[in-house]
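**Q** Structure for the following, please:
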Amino acid sequence: SLEAKRLEALYALEILDTPREERFDRITRTAVRLFRMPKSLLAFVDETRAWVKSDVGTSIDWVPRESSFSELAIESDEPLVVPDVRKDRRFAAHPLVVGPDRIWSLAAHPLRTPDGYRVGALLVMDSEPHAFSEEELQALTDLCRLAEEELADIELTRLLKLNIESQARVRAVMDATSEGILLIGRDGVMGYHNRRFLDLFGFEAEQIDGRPLASLEGPVNRIFDEPDEFRRSILQAAKRPGEDTRFLTKQHYPEVRDLEVDAAAVTDREGRDLGRLHAFRDVTRERELDRMKDEFVSLVSHELRTP
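**A** The predicted structure is shown next:
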């Protein structure tokens, strides 16, 4: 449901029950100075309450959702304007109306997340009736946009953290694999690689990161039995962006190995080609077992044919 998605967006901000922050206090302070009203608050609406993140001139930390001004404010993209709460029975028992704060007029503007969910509200309030002008409501909207920019910064920080954590998990998995992994971009520049790739060929990370593949001409000549054939296979794979390719090669430095190389296309979320991810797998033992099997079959066949 829409409400479930709204709550999910709110909880993702991880802002509920956090300490006061200057970036939000600055907005409520500006609101009271701009409107020449004694009270302002910024609140977020969860399942059961309107929780106050920042306030000037009030004495509450939260109010039940069903009786809150913020609950009404998040029902629409337009500001909630109440020139005289004494004439509005919805607020007859509101703590800010009947309590020591004695609110008689207010304007509340919904706060939206970057993806458009209304998660809270910015309010300005007075202890006297007040007819809000269009200019004042536009100023409230402008202050709300500042608060929404802060929410966007919070969301960006959260996503960056998730991305870093995700990258760390991917790198941990890649480093644990027995295959050497190397990403070669469309421009021929080498990027991501794992520890196994460095170990297979005796490279240092500085030789790989951000360097063109052509810079490894000397090492490639030293490492592979047929370096020109290896280069041709890499280039042919790059010319087939929509295909996965596989080829075999033989290494003689720093150790003698038979290698199987799988090259797979890598794309971003929009499907744009980012290059090829190459997985180098040591198949020396497998090839040796295949050779032994072939020799055994040949020997048995020979024995069976011999009278």
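
**Q** Run through who's touching stretch 111-121.
**A** 5-6, 9-10, 13, 42-45, 50, 53, 69-70, 73-75, 77, 80, 108-110, 122, 144, 147-148, 151-152, 155 (CB atoms under 8 Å, 6 or more residues apart in numbering). Every residue, glycine included, has its C-beta placed from N, CA and C.

**Q** That one: end-to-end distance?
**A** End-to-end distance of stretch 111-121 (CA to CA, to the nearest Å): 5 Å.

**Q** any idea how far that stretch is from the chain center?
**A** 18 Å (CA atoms, centre = their mean, to the nearest Å).

**Q** quick one: average pLDDT of it?
**A** On average, the pLDDT along stretch 111-121 is 93.

**Q** where does the protein dip in pLDDT?
**A** 160, 164, 241, 269, 293-307 (pLDDT under 70).

**Q** can you map out the strands along it?
**A** 39-45, 49-56, 62-64, 80-82, 105-112, 118-126, 180-185, 190-193, 245-251, 257-267, 273-282 (DSSP state E).

**Q** The fourth one: which residues count as buried?
**A** Neighbour-count burial for strand 80-82, counted by 16 or more other CB atoms under 10 Å, picks out Leu80, Val81, Val82.

**Q** tell me which of the residues you listed is nearest to Lys239?
**A** Leu80 (61.2 Å; CB to CB).

**Q** list the contacts for the closest one?
**A** Phe69, Leu72, Ala73, Leu106, Ala107, Ala108, His109, Ala121.

**Q** And the residue nearest the centre of this protein?
**A** Nearest to the mean C-alpha position of the chain, by CA atoms, centre = their mean, lies Leu159 at 3.2 Å.

**Q** Could you measure from it over to Asp209?
**A** 25 Å (CB to CB, to the nearest Å).

**Q** From Gly271, how far off is the residue nearest to the centre of the chain?
**A** Using CB to CB, Leu159 is found at 21 Å from Gly271.

**Q** Arg26 now?
**A** 42 Å.

**Q** Settle it for me: which of those two has more neighbours?
**A** With neighbours defined as other CB atoms under 10 Å, Arg26 and Gly271 compare such that Arg26 has more, 14 against 6.

**Q** Could you measure from the more buried one over to Ser54?
**A** Distance from Arg26 to Ser54, by CB to CB: 9 Å.

**Q** For Pro79, list the residues it contacts.
**A** Taking CB under 8 Å, 6+ apart as the test, what Pro79 contacts is Ala73, Ala107, Ala108, His109, Pro110, Leu137, Leu140, Thr141.

**Q** Any chance of TSV for those, columns neighbour count and distance to Leu198?
**A** Listed next are those as TSV, based on neighbours: other CB atoms under 10 Å; distance: CB to CB, whole Å:
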residue	neighbour count	distance to Leu198
Ala73	25	57
Ala107	26	62
Ala108	26	59
His109	25	55
Pro110	23	53
Leu137	15	62
Leu140	23	58
Thr141	13	55
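
**Q** Let me know the closest of those residues to Ala264.
**A** Minimum distance to Ala264 across those is 46.1 Å, recorded for Pro110 (CB to CB).

**Q** So that closest one sits against Leu72, correct?
**A** No. Assessed by CB atoms under 8 Å, Pro110 is found out of contact with Leu72, at 9.6 Å.

**Q** what are the ranges of the helices in the stretch 201-307 of the chain?
**A** For the stretch 201-307 of the chain, the helices defined by DSSP state H, counting those that start in this stretch occupy 217-223, 227-238, 284-305.

**Q** Go ahead and name everything in contact with the shortest one.
**A** By that I understand helix 217-223. Residues outside helix 217-223 that contact it (CB under 8 Å, 6+ apart): Phe201, Gly202, Phe203, Gln207, Pro227, Phe230, Arg231, Gln251, His252, Tyr253, Pro254.

**Q** again, 6 Å this time
**A** Phe201, Pro227, Gln251, Tyr253 (CB atoms under 6 Å, 6 or more residues apart in numbering).
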